[in-house]
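Undergrad: sequence-free structure coming up:
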């Protein structure tokens, strides 16, 4: 599978999860870092309802675990001029 195809699948799966939980944000892109021995994909989601964060993280882990080594993290964010949200990020490392 080529890198662009993986990148698009990660965006689609992330957006499907956001739609499933009726979250208004969308994932536009996933960053790709190329190294000699591995490729790392970095993505993030913005979730406004704190009570569904565990479910979204569980769904992300289920949907994305087949690509490579997966790390999913979350962090609460309270901006000055918009509603608070949880930033959920994922990091997938695939060995070349």
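TA: Perfect, thanks for sending it. What you see is a predicted model, and the numbers here were worked out from it, not measured in a lab. Residues are numbered from 1 along each chain as shown.
Undergrad: can you tell me which helix in the chain is longest?
TA: helix 3-20 (DSSP state H).
Undergrad: helices and strands around it, which ones?
TA: Other helices and strands packing on helix 3-20, by 3 or more Cβ pairs under 8 Å, 6 or more residues apart in numbering; DSSP states H and E, are strand 31-34, strand 38-47, helix 53-64, strand 85-95. For every residue, glycine as well, the C-beta is placed using N, CA and C.
Undergrad: what inclination does the last one have with respect to helix 53-64?
TA: Pointing back at strand 85-95 there. 20 degrees (axes from the mean of the first three to the mean of the last three Cα atoms, to 10 degrees).
Undergrad: what lines up beside strand 85-95 in the sheet?
TA: Take DSSP bridges as the rule and strand 85-95 pairs in its sheet with strand 38-47 (antiparallel), strand 69-77 (antiparallel).
Undergrad: just how off-centre is that strand within its chain?
TA: Once both centres are worked out by Cα atoms, centre = their mean, to the nearest Å, strand 85-95 turns out to sit 5 Å from its chain's centre.
Undergrad: Output the strands paired with strand 85-95 as CSV; include the columns distance to residue 5 and mean neighbour count.
TA: Formatted as CSV, the strands paired with strand 85-95 follow (distance: least, Cβ to Cβ, whole Å; neighbours: other Cβ atoms under 10 Å):
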stretch, distance to residue 5, mean neighbour count
strand 38-47, 12, 18
strand 69-77, 18, 13
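Undergrad: Out of those, the one nearest residue 9 is which?
TA: For the strands paired with strand 85-95, proximity to residue 9 was assessed by Cβ to Cβ; strand 38-47 is nearest, at 9.9 Å.
Undergrad: Disregarding flanking residues, what is the spatial nearest neighbour of residue 69?
TA: residue 93 (4.4 Å; Cβ to Cβ, 6 or more residues apart in numbering).
Undergrad: Isn't the one you found up against residue 68?
TA: Yes: under the criterion of Cβ atoms under 8 Å, residue 93 makes contact with residue 68 at 5.2 Å.
Undergrad: Any figure for the gap between residue 17 and residue 60?
TA: 6 Å (Cβ to Cβ, to the nearest Å).
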